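Colleague: What would the 3D arrangement of this be:
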Amino acid sequence: MANYNLLYFGQLDSDNLEDFYDLKVDLEGKQIDNDLNFDGVSVNVSRLECINQFFGKLNDFDKKKLHALVLDYENGKGDTVKSYVEHLVDLADTNDATAGPEIQLLNKLHLARVGSYPDNEEYFAVFDYTIGRHETNYLIALYANEEGTLTAMSMES
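Modeller: Purely as a prediction, here's the structure:
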């Protein structure tokens with residue numbers, strides 16, 4: 001039995017894992033969902049250390065991902081964010097003269113969930129951004145490796 005104290009999640013037995021853990025995390029005053037997903041019942045302690053380092057950088061990763069969303073919208077190379085705000089443009093405040101409807105929605109994007117998948121070979125984490133869970137079930141999923149580098153982006157429902 002190898003107990004490991006994992007940031008946010010507390011003590012985990014690396015030889016007797018559950019497949020799913022979830023809780024709310026406070027990031028700069030905002031509550032987000034954080035879940036941890038394992039494929040097996042055991043994991044190497046060095047992998048838990050990697051997860052711990054990743055969790056320790058969530059605030060920084062969030063800021064970088066928000067910047068990536070804005071760049072995707074502005075640069076025209078990607079269409080994920082543009083499609084998202086165009087799809088939801090009816091939810092914008094038509095009385096707001098300070099910004100167009102798409103910019104209003106872009107400014108409302110915020111992190112709602114971080115899912116960590118330490119056993120996955122394609123991505124280590126998924127950052128889910130939304131304008132609000134009560135407003136829409138659509139979100140933008142940003143896939144990242146264990147260093148937090150963006151590897152893919154998609155609009156999902």
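Colleague: what sits against Leu109?
Modeller: Listed by CB atoms under 8 Å, 6 or more residues apart in numbering, the contact partners of Leu109 are Leu66, Leu69, Val81, Tyr129, Thr130, Ile131, Ile140. Every residue, glycine included, has its C-beta placed from N, CA and C.
Colleague: Serialize these to a markdown table and add fields for pLDDT.
Modeller: Output for those, formatted as a markdown table (pLDDT from 0 to 100):
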| residue | pLDDT |
| --- | --- |
| Leu66 | 96 |
| Leu69 | 96 |
| Val81 | 96 |
| Tyr129 | 98 |
| Thr130 | 98 |
| Ile131 | 97 |
| Ile140 | 98 |
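Colleague: Report the beta-bridge partners for the spatially most central residue of the chain.
Modeller: In the chain, the residue lying closest to the centroid (CA atoms, centre = their mean) is Phe127, at 1.4 Å. With DSSP bridges applied, Phe127 shows beta-bridge pairing to Val114, Leu142.
Colleague: right, and it touches Leu139 too?
Modeller: No: under the criterion of CB atoms under 8 Å, Phe127 makes no contact with Leu139, lying 9.8 Å away.
Colleague: sec struct for Arg47, please.
Modeller: Look at Arg47: counting by DSSP: H, G, I helix; E, B strand; the rest coil, its state is helix.
Colleague: Just the pLDDT at it, thanks.
Modeller: We have a pLDDT of 93 for Arg47.
Colleague: For it, give me its contacts.
Modeller: Contacts of Arg47 by CB under 8 Å, 6+ apart are Pro118.
Colleague: on that earlier part again, ok, now how distant is the residue nearest to the centre of the chain from Tyr138?
Modeller: Per CB to CB, to the nearest Å, Phe127 is found 15 Å from Tyr138.
Colleague: Please report the number of neighbouring residues for Asp15.
Modeller: 12 (other CB atoms under 10 Å).
Colleague: Could you find the closest non-adjacent residue to it?
Modeller: Distances taken as CB to CB, 6 or more residues apart in numbering place Ser42 nearest to Asp15, at 4.7 Å, with adjacent residues excluded.
Colleague: go on, Gln31?
Modeller: Lys24 (4.9 Å).
Colleague: Spatially, and excluding backbone neighbours, which residue is closest to Tyr8.
Modeller: That would be Val25: by CB to CB, 6+ apart, it lies 5.5 Å from Tyr8.
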